[in-house]
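In: Just a sequence and a predicted model for now, questions to come.
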Protein chains: 2
Amino acid sequence: MEYRRIKDQDKDGDAVHDDVESLREKSRSGSPSNMVALGGGAGDRSKWKLKSVVTLALTVLTSSQAILIVWSKRAGKYEYSVTTANFLVEALKCALSLAALARIWRKEGVTDDNRLSTTWEEVSVYPIPAALYLIKNLLQYYIFAYVDAPGYQILKNLNIISTGVLYRIILKKKLSEIQWAAFILLSAGCTTAQLNSNSDRVLQTPFQGWLMAIVMALLSGFAGVYTEAIIKKRPSRNINVQNFWLYVFGMAFNAIAILVQDFDAVMNEGFFHGYSLITVLMILNHALSGIAVSMVMKYADNIVKVYSTSVAMLLTAIVSVFLFGFHLSLAFFLGSTVVSVSVYLHSIGKLQR
Amino acid sequence: MEYRRIKDQDKDGDAVHDDVESLREKSRSGSPSNMVALGGGAGDRSKWKLKSVVTLALTVLTSSQAILIVWSKRAGKYEYSVTTANFLVEALKCALSLAALARIWRKEGVTDDNRLSTTWEEVSVYPIPAALYLIKNLLQYYIFAYVDAPGYQILKNLNIISTGVLYRIILKKKLSEIQWAAFILLSAGCTTAQLNSNSDRVLQTPFQGWLMAIVMALLSGFAGVYTEAIIKKRPSRNINVQNFWLYVFGMAFNAIAILVQDFDAVMNEGFFHGYSLITVLMILNHALSGIAVSMVMKYADNIVKVYSTSVAMLLTAIVSVFLFGFHLSLAFFLGSTVVSVSVYLHSIGKLQR
């Protein structure tokens, strides 16, 4: 469970992942003007290519994330402070953003779009996603009074629905009827794939538990959609600058979380107590996943992100069969079928919009 | 399980169900010529109405069928011979067809469309569905060597897929891409709704079990689609005459089944041994359901029939909560969601065809 908390926290992103970055440079030079500007007719093909690459990167990173979780569980429990790991993830993403920017400055010089300095008007909205995730993560400690951990995993699929609804309301983007149907199916399919013999207990969740789960789904969905709004508001602004500011606030809010939750542990046992190779790998993976999420927000959208992470969940299960000898349940096959049909419907729904 | 066998056998139908019949008369007099002819522009509205009524009748009858099954299981086992019950279902449908025909003859006189006498060319195909069901029911005794009863219930959802595929191949009717997606979802959703803690055992089914399940699904799908082809080949022919001939052969093949399977029991204990009130109600229900299926074949199609019986399964579960205090599982909610979306997609898929 602890590892999951990290996962929930970095729904924003960073941009220095080398492959993706170099590809962006390439496609930029291939298209007439700045293909980063969304909605333009030019460079549609390279935009599509970029979108595919970042989506694939997110899927692969999310899958390996889950596999690291399984691996770490098998290797035994590590009693490190989750808040310190979260802080390091944000710090690493910040550092990678700066490194990417340094490279860009060397190549292109400092322009209005890639300078680090900013206005109050631009930066004032950046703390909001980080603050929302902090509130959500704090709530997470209380929901376990009403729901057990596997039940919480099931309830987290409400995120899919909340993201779709808030995407529609806040970003005012329309999904076709078929795409809405596909989104409901995605949510039902993911939940089905996770069913096990104890899943029915979640139906006994008291009203407060449901309420908290819904509030948390809304917070998480809102943070994701709001991040997309921030990033897309200035299409020509360099993504690394946008990320730098997002992560500066991410670091700040996670520092607060350390003080609130793990102050004693850090004081008595040290900042890095309980860290291991797997912890380091997980921090690295979360940082790269964060970068991929941010890229998806910039070049695609929250809907693509949800599909990407959902498909990643299925891929993880299949890979786990080979890596850890897991058995796939009938529910998993049925859920995967529904998710696959959902992906298909989403893509044909787009054409018919 | 025994009761289920009857259910599988009467996928053909009869037409004397009074409400439906009188409605048909009404809509016939309301439209210029014979609205029974399919594909005509006239009487589209009353055709739609008729289609809705027969579909609703099938849904309600199938639901109550399943509820009778639960009731009879609660009341204890009845050791009657299933083959004799099947025979009586066919005989009852035959009698009802004749009664309806007698009424029509009195009103309209004997015409080319409603006379009972037939040509060899017309009647020669009528034994085929009954023969297919007989083979399928005989196979049913052998599949239990490889699969347990709940596993067989799960595998029976393959019928949905086989009906869709054969409907496409034999009747050459097209389903849109969305309707195919909806059909896969219907199958996955129905299976999900039936999941329980033992369902995973079905994955251990040996190859022979899968093969038999697929063959049985194909036989059942073929029989259904073939019945539709027979009934629709002569659109102006009275449905009661068509049913009469279908059921005459149904009686004949079920007589063979009695000889093969229950000859000793019938000889030693009598034809009606083990019959009770519930048995009688179930025979009555199966006869009426058969009539409804036949009506759906005439005025709608196999796809509508599959949706109707699938939705009936969900209705049954919900009604059982109130009647028998059943608990609905999370899997049931998820499966129902998927089936509902499937019904929706099927209806919008039609418009976009």
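Out: Structure received.
In: who in the stretch 251-353 of chain A is up against chain B?
Out: Contacts of the stretch 251-353 of chain A with chain B, taken as C-beta under 8 Å from any C-beta of the partner chain, map to A:327-331, A:334-335, A:337-338, A:341, A:344-345, A:348, A:352. Heads up, the C-betas are built off the backbone N, CA and C, glycines and all.
In: Just the buried subset of those residues, please.
Out: Buried subset of those (neighbour count, 16 or more other C-beta atoms under 10 Å in any protein chain shown): A:328-331, A:334-335, A:337-338, A:341, A:344-345, A:348.
In: need these in CSV with pLDDT, can you?
Out: Below are these laid out as CSV (pLDDT from 0 to 100):
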residue, pLDDT
A:Leu328, 89
A:Ser329, 91
A:Leu330, 93
A:Ala331, 94
A:Leu334, 96
A:Gly335, 96
A:Thr337, 96
A:Val338, 97
A:Val341, 97
A:Tyr344, 95
A:Leu345, 95
A:Ile348, 90
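In: need the contact list for the nearest residue to A:Ala331 once chain neighbours are set aside.
Out: Leaving aside its sequence neighbours, A:Ala331 sits nearest to A:Leu195 (C-beta to C-beta, 6 or more residues apart in numbering or on different chains; 4.0 Å). By C-beta atoms under 8 Å, 6 or more residues apart in numbering or on different chains, A:Leu195 lies in contact with A:329, A:331, A:335, B:195, B:330-331, B:334.
In: Could you list which of the residues of the stretch 251-353 of chain A next to chain B belong to helices?
Out: Among these, the ones falling in helices (DSSP state H) are A:330-331, A:334-335, A:337-338, A:341, A:344-345, A:348.
In: The residue in the stretch 1-150 of chain A positioned nearest to chain B: how many residues sit nearby?
Out: As assessed by C-beta to the nearest C-beta, chain B sits closest to A:Pro150 within the stretch 1-150 of chain A, at 11.4 Å. By other C-beta atoms under 10 Å in any protein chain shown, the residues close to A:Pro150 number 16.
In: same question, the one 5 residues further on
Out: Counted with other C-beta under 10 Å, the burial measure for A:Leu155 works out to 22 neighbours.
In: ok, now A:Ser124?
Out: Neighbours of A:Ser124 using other C-beta under 10 Å come to 10.
In: Over to A:Cys94?
Out: A:Cys94: 20 neighbours (other C-beta under 10 Å).
In: try A:Val319
Out: A count of nearby residues for A:Val319, using other C-beta under 10 Å, gives 16.
In: Just confirm it contacts A:Val60, I think it does.
Out: No. Contact status for A:Val319 versus A:Val60: not in contact, 10.4 Å apart, counting by C-beta atoms under 8 Å.
In: Pretty sure A:Val70 sits against A:Ser320.
Out: Yes. Assessed by C-beta under 8 Å, A:Val70 is found in contact with A:Ser320 at 6.1 Å.
In: So which of the contacts of A:Leu195 is the closest to A:Val215?
Out: Nearest to A:Val215 among the contacts of A:Leu195 is B:Leu330, at 21.0 Å by C-beta to C-beta.
In: so who does that closest one touch?
Out: Going by C-beta under 8 Å, 6+ apart, B:Leu330 touches A:154, A:191, A:195, A:199-200, A:202-203.
In: can you pick the most crowded of the residues you listed?
Out: A:Thr191 (27 neighbours).
In: Contact partners for that one?
Out: So A:Thr191 contacts A:154, A:157, A:335, B:330, B:334 (C-beta under 8 Å, 6+ apart).
In: ok, now with 6 Å
Out: A:Thr191 makes contacts with A:154, A:157, B:334, as judged by C-beta atoms under 6 Å, 6 or more residues apart in numbering or on different chains.
In: Tell me, how many residues neighbour the second one?
Out: Spelled out, that is A:Asn157. Counted with other C-beta under 10 Å, residues neighbouring A:Asn157 total 22.
In: Give the helix, strand or coil label for the residue lying farthest from the centre of chain A.
Out: In chain A, the residue that sits farthest from the middle, by C-alpha atoms, centre = their mean, is A:Asn268; the gap is 32.2 Å. Counting by DSSP: H, G, I helix; E, B strand; the rest coil, the backbone at A:Asn268 sits in helix.
In: Could you tell me how far it is located from chain B?
Out: Noted for A:Asn268: a distance of 42 Å to chain B, by C-beta to the nearest C-beta, to the nearest Å.
In: Can you show me the helices along the stretch 1-150 of chain A?
Out: Assigned by DSSP state H, counting those that start in this stretch, the helices in the stretch 1-150 of chain A fall at A:2-9, A:18-30, A:44-74, A:82-108, A:120-123, A:127-143, A:149-155.
In: And the pLDDT at the closest residue to A:Gln261 other than its chain neighbours?
Out: The shortest distance from A:Gln261 to any residue other than its chain neighbours is 5.3 Å, reached at A:Thr83 (C-beta to C-beta, 6+ apart). The per-residue pLDDT reported for A:Thr83 equals 87.
In: What distance do you get for A:Thr83 to B:Gln208?
Out: 56 Å (C-beta to C-beta, to the nearest Å).
In: Settle it for me: which of these two has more neighbours?
Out: Per other C-beta under 10 Å, whichever of A:Thr83 and B:Gln208 has more neighbours is A:Thr83, with 24 against 13.
In: Okay, now the unreliable bits of chain A?
Out: A:1-42, A:73-78, A:351-353 (pLDDT under 70).
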